[in-house]
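Engineer: Need the 3D shape of this:
(2 chains)
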Number of protein chains: 2
Amino acid sequence: MKRSYTMQLFYTSDIDGSSATFSRDESGHCLRVLRMRMGDEINFTDGRGNLYEGVINGDNPNMMKVSVIRVTEEYGKRDYRLHAAVSPLKNTDRLEWFIEKAVEMGIDEITPLICSRTEKNRIRRERLEGLIMSAMKQSVKAFLPVLNEPVMIKDFVQKDHAGIKIVAHCNPLPERKPITQVVERGRDTVIMIGPEGDFTPEEVMMAVEAGFLPVHLGNSRLRTETAGVTACCSVYLANI
Amino acid sequence: MKRSYTMQLFYTSDIDGSSATFSRDESGHCLRVLRMRMGDEINFTDGRGNLYEGVINGDNPNMMKVSVIRVTEEYGKRDYRLHAAVSPLKNTDRLEWFIEKAVEMGIDEITPLICSRTEKNRIRRERLEGLIMSAMKQSVKAFLPVLNEPVMIKDFVQKDHAGIKIVAHCNPLPERKPITQVVERGRDTVIMIGPEGDFTPEEVMMAVEAGFLPVHLGNSRLRTETAGVTACCSVYLANI
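Structural biologist: Just a heads-up that it's a prediction; the model follows:
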């Protein structure tokens, strides 16, 4: 698999044996925008870890058909899972930006976390899923990250999460370690990032009692989305 | 100095003894938008490391006057300097986003780096400086990062840079270490980040010959601005 900087990755979940069918959007992008034709080779993924090479053998721009010539399973599979639970933000651009960057660096699961200081309890699911898809393709990944439904913090901390559990907060109490001392190479990690104005002390205690380790992200006062990227980046960098 | 999450920081370079005068923008924001009044206390910085507390004693919304009651010198001074040289991007939003995040995490100097694959040789200086100022205030820093004029890469690598010099590139040659093995706590660091499409092999060699260490940022294919943030984040995290 040639993996050039400009490689275009397409997506479809509709693969039947060695024949793949593409959505109107993907078909139009490939045939109309990129002007590819019958016989041209493309790369695509099913978002479940498979990276395919195939040849266009049906050029209906509403429903492109491709025959599979090669498949790589578990393409780019990491030996850790990263799950970030982040409070939605008033400014939706900022949440979207966080999600795009987290997908580029590599994340498996994103949960919008509803805290007592969260000012916005809804997300634009369709838009965020489009953005996750597009960042996955842009950064040539074969696993599509999962966007969960928004969850109340009290329910989130009680879930059965595997691996290292982290809550990043701004108050000096309870005592926090630097995040870099808590993340570990090759370990599944769940990170909680609070809203503008931070978690309440009660929320932090609830997380700590459920086994989340309190951490700080350094002395800078970071916006929520910057805190989210910094936390994901610390896991990403521990694994490069 | 109370340093709450919601602390508002103002900026002026016009400080004469114990009297500070503010620009029309800053005065209007304080007096009209935030509705502060004579006798109210505000925090402000001169961008040269001084954090002031003062009392409003002149409420002309075009030229607010404040008398200084306390000053903290070298507020938040770090024991390292970070300088990032990044190719300007076709999509200016993405460069702006990088700059905002780099300032939040802590950066001292930003140089737009003109490489042979750079598609845009100009920057919108005034807009970027406004953004740097606003990110400095938002993240409560007292040192205003410097935005240099765009520099050709061949001139940049020849400059006399202190500390660790790093060039992040995508090609496997010359051999690269993970950036996390090269950055060091408390050391001045200069990082070069290339354009979309990367540095040319000749540019990387030129940097290496000038003493820049070749590094990679992991296996993910990162956009230029994500690479920039990841590189700055690795220095930030090494120092928390």
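Engineer: Doesn't A:V167 belong to a strand?
Structural biologist: Yes - counting by DSSP: H, G, I helix; E, B strand; the rest coil, A:V167 is part of a strand.
Engineer: Enumerate every residue touching it.
Structural biologist: Contact analysis of A:V167 by C-beta atoms under 8 Å, 6 or more residues apart in numbering or on different chains lists A:I191, A:M192, A:F199, A:V204, A:A207, A:V208, A:F212, A:L213, A:P214, A:V215. (C-beta placed from N, C-alpha, C; glycine too.)
Engineer: repeat that for 10 Å
Structural biologist: For A:V167, the contact set (C-beta atoms under 10 Å, 6 or more residues apart in numbering or on different chains) comprises A:85, A:153, A:157, A:174, A:176, A:190-194, A:199, A:203-208, A:210-215.
Engineer: what do you get for A:K65?
Structural biologist: A:S19, A:A20, A:T21, A:F22, A:S27, A:M38, A:G54, A:V55, A:I56, A:N57, A:G58, A:D59.
Engineer: and of those, the nearest to chain B?
Structural biologist: Set against chain B, the nearest of the contacts of A:K65 by C-beta to the nearest C-beta is A:G54 (20.7 Å).
Engineer: domain assignment for chain A?
Structural biologist: Here the domain assignment for chain A is A:9-72, A:82-238, based on automatic domain parsing.
Engineer: most tightly surrounded among the ones you listed?
Structural biologist: domain A:82-238 (a mean of 19; mean count of other C-beta atoms under 10 Å in any protein chain shown).
Engineer: Among the contacts of A:V167, which are located in helices?
Structural biologist: A:I153, A:V157, A:E203, A:V204, A:M205, A:M206, A:A207, A:V208 (DSSP state H).
Engineer: coming back round to it: near chain B, from the contacts of A:V167?
Structural biologist: A:V215 (C-beta under 10 Å from any C-beta of the partner chain).
Engineer: And A:L173, its phi and psi?
Structural biologist: When read as degrees, to the nearest 10, the backbone of A:L173 gives phi -120, psi 140.
Engineer: Name the nearest residue to it, sequence neighbours excluded.
Structural biologist: A:P201 (7.4 Å; C-beta to C-beta, 6 or more residues apart in numbering or on different chains).
Engineer: where along chain A do the helices fall?
Structural biologist: Going by DSSP H, chain A shows helices at A:24-28, A:92-105, A:125-138, A:153-158, A:201-209, A:224-238.
Engineer: Which other helices and strands does the fourth one contact?
Structural biologist: When you say that, I think you mean helix A:153-158. strand A:82-86, strand A:109-114, strand A:164-168, strand A:189-193, helix A:201-209 (3 or more C-beta pairs under 10 Å, 6 or more residues apart in numbering or on different chains; DSSP states H and E).
Engineer: How far away from the center of its chain is it?
Structural biologist: Computed by C-alpha atoms, centre = their mean, to the nearest Å, the chain-centroid distance of helix A:153-158 equals 20 Å.
Engineer: Now that helix: average pLDDT?
Structural biologist: Mean per-residue pLDDT for helix A:153-158: 98.
Engineer: can you list contacts of it?
Structural biologist: A:85, A:87, A:111-116, A:118, A:148, A:150-152, A:165, A:167, A:190, A:192, A:194-195, A:199-200, A:202-204, A:206-212.
Engineer: related to what we said a few turns ago, export the helices of chain A as JSON lines, with columns for distance to A:E73.
Structural biologist: Shown next, in JSON lines, are those (distance: least, C-beta to C-beta, whole Å):
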{"stretch": "helix A:24-28", "distance to A:E73": "21"}
{"stretch": "helix A:92-105", "distance to A:E73": "21"}
{"stretch": "helix A:125-138", "distance to A:E73": "17"}
{"stretch": "helix A:153-158", "distance to A:E73": "32"}
{"stretch": "helix A:201-209", "distance to A:E73": "37"}
{"stretch": "helix A:224-238", "distance to A:E73": "23"}
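Engineer: B:L95: which of those is closest?
Structural biologist: B:L95 sits nearest to helix A:92-105 of all the helices of chain A, at 13.6 Å, using C-beta to C-beta.
Engineer: which helices and strands sit right next to that closest one?
Structural biologist: Applying 3+ C-beta pairs under 10 Å, 6+ apart, one finds that helix A:92-105 contacts strand A:82-86, strand A:109-114, helix A:125-138, helix A:224-238, helix B:92-105, helix B:224-238.
Engineer: Which of those sits closest to A:T72?
Structural biologist: The closest of those to A:T72 is helix A:125-138. By C-beta to C-beta, the value is 15.6 Å.
Engineer: Just the angle for the closest one relative to strand A:109-114, thanks.
Structural biologist: If you take axes from the mean of the first three to the mean of the last three C-alpha atoms, to 10 degrees, helix A:125-138 sits at 150 degrees to strand A:109-114.
Engineer: packing partners for helix A:125-138?
Structural biologist: strand A:9-11, helix A:24-28, strand A:41-45, helix A:92-105, strand A:109-114, strand A:146-147.
Engineer: So, low pLDDT: which residues of chain A?
Structural biologist: Applying pLDDT under 70 to chain A picks out residues A:1-6.
Engineer: Pull the distance from stretch A:21-29 to the chain's centre.
Structural biologist: The answer for stretch A:21-29 is 23 Å, by C-alpha atoms, centre = their mean.
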